[in-house]
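Q: Here is my input; please provide its structure:
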Amino acid sequence: MLHRGHEGMDGDGGELAVPMAWLYAEYIADELLRTGDLMPPTSFEFRAGRDALALTIFLSDTQGELSGIRVVTQLETWLSLTAYDQPWHAWVRDRLAELAAEAAGSGRPTPELGLAQDAWRWLQETELLAPDLNAVPGGAPVVGEDEGPKVWTPAWQLGLPLGHLAIHLF
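A: Here you go, the predicted model:
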């Protein structure tokens, strides 16, 4: 069925453009996090991990070859991109800018890019209350995770290590 006059058209014949690359990246990220069983799937922390992983998966697919059979071969790449000492934040920003420039140059925006930009915006603008890993409690050991000091943290800073750990656990 053709859908005319709605956002998300691909410009060729009026068919609705389906963002399969982004949806597939989200699916892979979701499965990795569910397999790791690190957070409840309904939590904001889970969403942060899923969005950070989905961005990593989507943006690392430079050849447009994301397929189920290659997922296992990409795990090392995703691990290296999400590692603690890597400039993931700058890499995401730069890759999104590259893809936006390509889309502008072709005159055909992709629905995947819009969804990736939305995920990135949410990860940057949303803050989650998380344990302060840099705080040293007043000399007394913290018994439970809910008893220690907490800080508001950008969602990507919490989601990225969750995603990295989920890849390890896979």
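Q: thinking Gly49 is in contact with Leu162, fair?
A: Yes - counting by Cβ atoms under 8 Å, Leu162 is a contact partner of Gly49 at 3.5 Å. Bear in mind the C-beta positions are built from the backbone N, C-alpha and C, glycine included.
Q: Please identify which of the two sits among more neighbours.
A: Set side by side, Gly49 and Leu162 show more neighbours around Gly49, with 29 against 21, by other Cβ atoms under 10 Å.
Q: Next, the more buried one: secondary structure please.
A: helix (DSSP: H, G, I helix; E, B strand; the rest coil).
Q: what do Gly49 and Leu162 both touch?
A: Leu33, Leu38, Met39 (Cβ atoms under 8 Å, 6 or more residues apart in numbering).
Q: tell me what the longest helix along the chain is packed against?
A: When the chain is parsed with DSSP state H, its longest helix is helix 88-106. Here helix 88-106 touches helix 44-60, helix 71-82, helix 111-125, helix 155-169, going by 3 or more Cβ pairs under 8 Å, 6 or more residues apart in numbering; DSSP states H and E.
Q: Throw those into a markdown table and include mean pLDDT and distance to Trp91, thanks.
A: Output for the helices and strands packed on helix 88-106, formatted as a markdown table (pLDDT from 0 to 100; distance: least, Cβ to Cβ, whole Å):
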| stretch | mean pLDDT | distance to Trp91 |
| --- | --- | --- |
| helix 44-60 | 94 | 8 |
| helix 71-82 | 85 | 7 |
| helix 111-125 | 94 | 11 |
| helix 155-169 | 92 | 11 |
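Q: Quick one: distance of the longest helix of the chain to the chain centre.
A: Put simply, helix 88-106 sits 15 Å off its chain's centre (Cα atoms, centre = their mean, to the nearest Å).
Q: Quick one: the helices and strands packed on helix 88-106 as TSV, columns for distance to Asp94 too.
A: Converted to TSV, the helices and strands packed on helix 88-106 look like this (distance: least, Cβ to Cβ, whole Å):
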stretch	distance to Asp94
helix 44-60	9
helix 71-82	12
helix 111-125	12
helix 155-169	15
